[in-house]
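Chemist: coords please:
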Amino acid sequence: MRSVRVVALIVCLFACTFTVLPSMAFDQPSVNIGFTSFLDGAPPSGPGWYFSEYIQFYTADKLVDGPPGDAGLDVWVSLNQLIYQSNQEILFGGKWGLNFILPVVSFDNNLLPDNGTGLGDLWVGPYLQWDPIMGKNGPIFMHRIELQTIFPTGKYDDDKALNPGSNFFSFNPYWAATVFLCPKLNLSWRLHYLWNGKNSDPALSPEIGDTQAGQAFHGNFAASYEVVPKMLQLGVNGYYLKQTTDSEADGNSVDGKEQVFGVGPGALMSFSKDTHLFLCAYFESGAEYRPEGERYVARLVHHF
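Modeler: Residues are numbered from 1 along each chain as shown. As a prediction, the model looks like this:
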């Protein structure tokens, strides 16, 4: 299976759905590592409609545990997100909401032919949002649970090594929360667990009937301090991903689980109570069976 693993490292360099970066374990989809950061425990302006536009640039010249040489990978992602947050309680005090995400992916690499710029897979996430727990000086804790699903609607061609779509279904629920240590200082996290279905048409692998990416844990974390009241927060943000089970090819386990850690500075600028801009940078280390590089994210959120 070692030779199969090496092929997978090359062929699955970028099976991007919307967020960041390819996983390399048999078309394992990209996941939210680094797209969300500060004050993640609740929508910033209460119930209603939200639109978010994310722009990310990822660059790497190192492919850890893969073939030697220059990886030369640059990825641009435009992520378009529509959220509805209701004001109706339905379960344990949680108010229902719905999240839709549609990415556009473009990449440049010097290793393999790609399928060009195109739409990634559609994300749909019903969720429950709880009202903040309030203290004497403001909110203390707020959190949300979402049952995030990834549908294989993106552009895919099994004759291309690099595809915007993954060609399989994934289930990626998460818990997001923010705790306020004091009115100006807060900590946030978003913890996911990823399960992947089978890809019955793996890219550039005619000798393999189907593949299934291993399960994985991944999470974002952030801490920020309000330096200009209601206008500017500065802090640090990061992420961690760890594959927890083996990937499979035709039902046989494949050695090698991926992981990566990223951390860097970030800022949150609020132009009004309804419009906010997040700027985040991440520098990766500790990667296994995946590229290791740098990630830059700009996210504009508007509440209607």
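
Chemist: Return the set of residues that bridge with L91.
Modeler: G94 (DSSP bridges).

Chemist: Isn't it up against W130?
Modeler: No - with contact defined as CB atoms under 8 Å, L91 does not count as touching W130 (10.2 Å). Bear in mind the C-beta positions are built from the backbone N, C-alpha and C, glycine included.

Chemist: Extract the C-alpha trace of stretch 52-65 and format it as CSV.
Modeler: Written as CSV, here are the backbone C-alpha positions of stretch 52-65 (Å, rounded to 0.1, in the frame of the first residue of the first chain):
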residue,chain,number,x,y,z
SER,A,52,-20.6,36.7,4.3
GLU,A,53,-17.9,36.9,1.6
TYR,A,54,-14.6,35.2,2.3
ILE,A,55,-11.4,35.6,0.2
GLN,A,56,-8.5,33.3,1.0
PHE,A,57,-5.1,32.9,-0.4
TYR,A,58,-3.0,29.8,0.5
THR,A,59,0.5,29.2,-0.7
ALA,A,60,2.9,26.3,0.0
ASP,A,61,6.1,25.0,-1.5
LYS,A,62,6.5,22.0,0.8
LEU,A,63,4.6,18.7,0.5
VAL,A,64,5.3,16.8,3.8
ASP,A,65,5.6,13.0,3.5
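
Chemist: List the buried residues of that stretch.
Modeler: Of all the residues in stretch 52-65, those buried under the rule 16 or more other CB atoms under 10 Å are 52, 54, 56, 58-60, 63-64.

Chemist: Please name whichever of these scores lowest on pLDDT.
Modeler: In terms of pLDDT, the weakest of the buried residues of stretch 52-65 is L63, which scores 77.

Chemist: So what sits opposite it in the bridge?
Modeler: For L63, the beta-bridge partners under DSSP bridges are P291.

Chemist: What residues sit buried inside the helix or strand encompassing V124?
Modeler: Under the criterion of DSSP states H and E, V124 resides in strand 122-129. By neighbour count on 16+ other CB under 10 Å, the buried set for strand 122-129 is 122-123, 125, 127-129.

Chemist: what does stretch 91-98 give?
Modeler: Residues of stretch 91-98 classed as buried: 94-97 (neighbour count, 16+ other CB under 10 Å).

Chemist: and of those, the nearest to F169?
Modeler: Nearest to F169 among the buried residues of stretch 91-98 is G97, at 21.9 Å by CB to CB.

Chemist: Show me how far the one helix or strand the closest one maps to is from its chain's centre.
Modeler: G97 is located in strand 94-108, with elements delineated by DSSP H and E. Strand 94-108 has its C-alpha centroid displaced from the chain centroid by 10 Å (CA atoms, centre = their mean, to the nearest Å).
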